[in-house]
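S.K.: One predicted model, sequence on top.
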Amino acid sequence: MKTKKTTSIIYLLTLCLILALVSGCASKQGSRHDEGLKIIQAKKPVSEFVNKDIIYAVDAYDPWECFNRDMYMFNYYFDKYVFLPIVSAYEFILPDYVEDRISGIFNNLGELSNLTNNILQLKGKSTAITAGRIVVNSTVGLAGMYDPASKWGMPEHDEDFGQTLGHYGVGAGPYLVLPVMGPSTLRDTSGLVVDTAARTAMWNWAWDDVFDNVSGSNESKIRLAVDATEAIDARHNISFRYYQSGSALNMT
Amino acid sequence: MKTKKKLHYLLLMCSILFAAVPIAQAESYDYPIDDPIAATILSTPPQARASLPQTIRVKQYQTIDIFPDRDVPEVFWYNKEMLYSVAYHKEKAPVIFMIAGTGAGYDSAKMKMMQKAFFEAGFHVVALSSPTHPNFIVSASSSGMPGDIQSDAKDLYNVMEKIVQKSKRKDLIGDFYLTGYSLGGTQAAFVAKLDEDRKVFNFKKVLMINPALNIYDSAIKLDKMLTDNIPGGMKEFNAFYRKLMNNITQSYVQGDFVDLSLDFFYSAYSEILPSTEEGEAVIGFSFRISLANLLFTADVVTNSGYIVPKNLKLFRTDSLTDYCKVAARGNGFSEYVENIVYPVFKAKEPGLSLRELVDQSSLRVLENYLQKSDKIGLVTNADDFILAEGDVEYFEQVFGARAKIYPRGGHCGNMAYTDNVAYMVDFFKK
């Protein structure tokens, strides 16, 4: 029953998002100038001063620019009115010390993705170090709450499936701003989908193991709480703010 | 008698020792990077930095609506309110305002470093973006075209007043102090001068860190660092950029690095930027990015019709890439001043030459004031390349003992170095 409710909330959010996007890109037909004012060509117009024959460093592959700008804006509002207030409350309630331990636990779980992707990229040393990290931090580091592995010369080797694709020569593809998750590329988005699917499969397996031994129907509630905490923890650790540069030219 | 003699010797020894300490300090300055270009790009290596707390009590993302009635162009809808931050104590403390350098926001790395240092020293610290930052231009600049420092100083003053008015705990506000680095340092002097007339803050002390003597001349030097150092000229910029990125990738792949950390850049610096020319080009490029933002923002806000057609309304989702190309190519600071700022001033005062206009923003205008005003200090480096020949001597002559000239550090490269932070904090604490 609860799951049904959350699914419908997600559907509703998606619908709002699509509406926001469609209306955004469509609203481009408004008036381009105030009444009584004529548009006058610029002193250095784009038509003359952009050299079509050369590639500029700023030329990013961004065929979905309008969509991306809309999504960027949606994320700004989502961040401002939903995500960041929750994160602030989280930061207000919990002492920094506890927040860091929670981050450690989720980070340790994320090592599994680092491990699989280091293996997929055939990086022997990084794989060994990552495996070592998981063993050390899960035991001595109390399920990842602490990170003794880094102090013992086993630094984190961050990898994801997007990087694995890149490793094998898959180009980044178009720039793509994802809802809530933020700026990415098509390749990294595909990678994210794979990593998430792999994780979900593993979690399902682990959760079943846990809940087989526990009676009661709180499973979905607890899973939702864990997922939510993970999302909040992730945002808590990212200092990025939309439109932070203040610039309209280079937004991210 | 014998004991007395011994005591005498001991005292003499002590006095020599103590006298020797300051001399030794003046001579030895161990900031580790010799090359001014490398110093500017890398700033201070982690182990040589002043030790500062990881986090301090700071209100981030504070906003204030400076001009509530202003119609902000739609394309800048997110810049309607001005952003700043305040590090605060829970008891009464002096307040220090900090002004960021060209194009930098209130939360730039240098600003955060200074904020921590002053907070640790017992100040409430208000961090302000540079008047050349897009957020400041749109939300707080009265003209929408920064560059004339006399006007920028008035905007800054207005902002500072409004921030103090907005404070809910005026009982915790003590005396006022002021500082800024780079262009912010130059602006600090003009704000201090303005305060002598308006007397709202009565700043106790003002410190200018690596200021430009004449912003126009400094900016042109920075422009040239880019345009003179791209092999084949600016039309080959993309090739230069790709080579730079390639150097980074190569050093990263070859070295045994875990992530793109500062440590990586320190050890791979000479591989990434093998020649001084490339280093200069990178500094010039970084300045050019700030400038393109400034130019585009000012062009839209003032409706000057320089790059964006006059009277054209840009929407939130419009592609701006082409404008960015025009702004960043072939437009240095002089083009900005000539095409956007100068026409407005010339309309008001037809006889005004460009040179006369830019010289109004030179610190030489304040020479008498700076010479007499004991509360104003200056810190700079003998090898700061934004200064022209003779500028350092001029500072020494005007400020006398209030000028602290370090032998090296480039432009702001040594700001986070232990000695520099100690000097900066001491200046305000004394």
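M.R.: Yes, it's here.

S.K.: pLDDT score for B:Gly332?
M.R.: You'll see B:Gly332 listed with a pLDDT of 90.

S.K.: give the contact list for it.
M.R.: B:Ala219, B:Ile220, B:Asp223, B:Thr227, B:Arg288, B:Leu291 (Cβ atoms under 8 Å, 6 or more residues apart in numbering or on different chains). In this view, the C-beta of every residue, glycine as well, is placed from N, C-alpha and C.

S.K.: just checking, A:Ser126 touches A:Glu156?
M.R.: No. Using Cβ atoms under 8 Å, A:Ser126 and A:Glu156 do not qualify as a contacting pair, with a distance of 9.7 Å.

S.K.: Go ahead and confirm B:Glu277 touches B:Asn229.
M.R.: Yes. Under the criterion of Cβ under 8 Å, B:Glu277 makes contact with B:Asn229 at 4.4 Å.

S.K.: More neighbours: the two, which one.
M.R.: The residue with more neighbours, out of B:Glu277 and B:Asn229, is B:Asn229; 19 against 15, by other Cβ atoms under 10 Å in any protein chain shown.

S.K.: wait, the more buried one sits on B:Phe285?
M.R.: No. Between B:Asn229 and B:Phe285 there is no contact under Cβ under 8 Å: 9.4 Å.

S.K.: Now do the strands for the stretch 251-400 of chain B: every range, in order, please.
M.R.: B:376-381 (DSSP state E, counting those that start in this stretch).

S.K.: Within range of chain A, give me the residues from the stretch 201-350 of chain B.
M.R.: Contact residues (Cβ under 8 Å from any Cβ of the partner chain) of the stretch 201-350 of chain B with chain A: B:235, B:237-238, B:241-242, B:258-259, B:289, B:292-293, B:296-297, B:300, B:305-313, B:315-331, B:339.

S.K.: What subset of those is buried?
M.R.: Buried members of those, counted by 16 or more other Cβ atoms under 10 Å in any protein chain shown: B:237-238, B:241, B:289, B:292-293, B:296-297, B:300, B:305-310, B:312-313, B:315-318, B:320-329, B:331, B:339.

S.K.: what kind of secondary structure is B:Ala117 in?
M.R.: Secondary structure assignment for B:Ala117 (DSSP: H, G, I helix; E, B strand; the rest coil): helix.

S.K.: check contacts around it.
M.R.: B:Ala117 makes contacts with B:Ala50, B:Leu52, B:Val421, B:Met424, B:Val425, as judged by Cβ under 8 Å, 6+ apart.

S.K.: out of those residues, which one sits closest to B:Asp148?
M.R.: Distances from B:Asp148 to those, taken as Cβ to Cβ, are shortest for B:Met424 (28.0 Å).

S.K.: check which helix or strand covers that closest one.
M.R.: helix B:418-429 (DSSP states H and E).

S.K.: Pull the residues that contact that helix.
M.R.: Contacts for helix B:418-429 (Cβ under 8 Å, 6+ apart): B:29-31, B:48-52, B:94, B:96, B:113-114, B:117-118, B:120-121, B:123, B:177, B:179, B:205, B:207, B:209, B:377, B:379, B:404, B:406, B:409, B:414-415.

S.K.: again, 7 Å this time
M.R.: Here helix B:418-429 makes contact (Cβ atoms under 7 Å, 6 or more residues apart in numbering or on different chains) with B:29, B:48-50, B:96, B:117-118, B:121, B:177, B:205, B:207, B:377, B:379, B:404, B:414.

S.K.: Kindly report the same for stretch B:349-358.
M.R.: For stretch B:349-358, contacts defined as Cβ under 7 Å, 6+ apart pick out B:Tyr216, B:Val337, B:Glu338, B:Tyr342, B:Phe345, B:Lys346.

S.K.: Looking at the contacts of helix B:418-429, which are in helices?
M.R.: Members of the contacts of helix B:418-429 lying in helices (criterion: DSSP state H): B:Ala117, B:Phe118.

S.K.: out of the contacts of helix B:418-429, which are buried?
M.R.: B:48-50, B:96, B:117-118, B:121, B:177, B:205, B:207, B:377, B:379, B:404, B:414.

S.K.: how far away is the residue in chain A that chain B sits nearest to from A:Ser239?
M.R.: Distance from chain B to each residue of chain A (Cβ to the nearest Cβ) is smallest for A:Gly246, at 3.5 Å. Distance of A:Gly246 to A:Ser239, given as Cβ to Cβ, to the nearest Å: 16 Å.

S.K.: Between these two, point out the one with more neighbours.
M.R.: Per other Cβ under 10 Å, whichever of A:Gly246 and A:Ser239 has more neighbours is A:Gly246, with 23 against 8.

S.K.: one step back: go through the contacts of B:Ala117 and name the one nearest chain A.
M.R.: Ranked by distance to chain A (Cβ to the nearest Cβ), the contacts of B:Ala117 are led by B:Leu52 at 16.8 Å.

S.K.: Could you look up the SS state of that closest one?
M.R.: The assignment at B:Leu52 comes out as coil when based on three-state DSSP.

S.K.: Alright, calling it a day.
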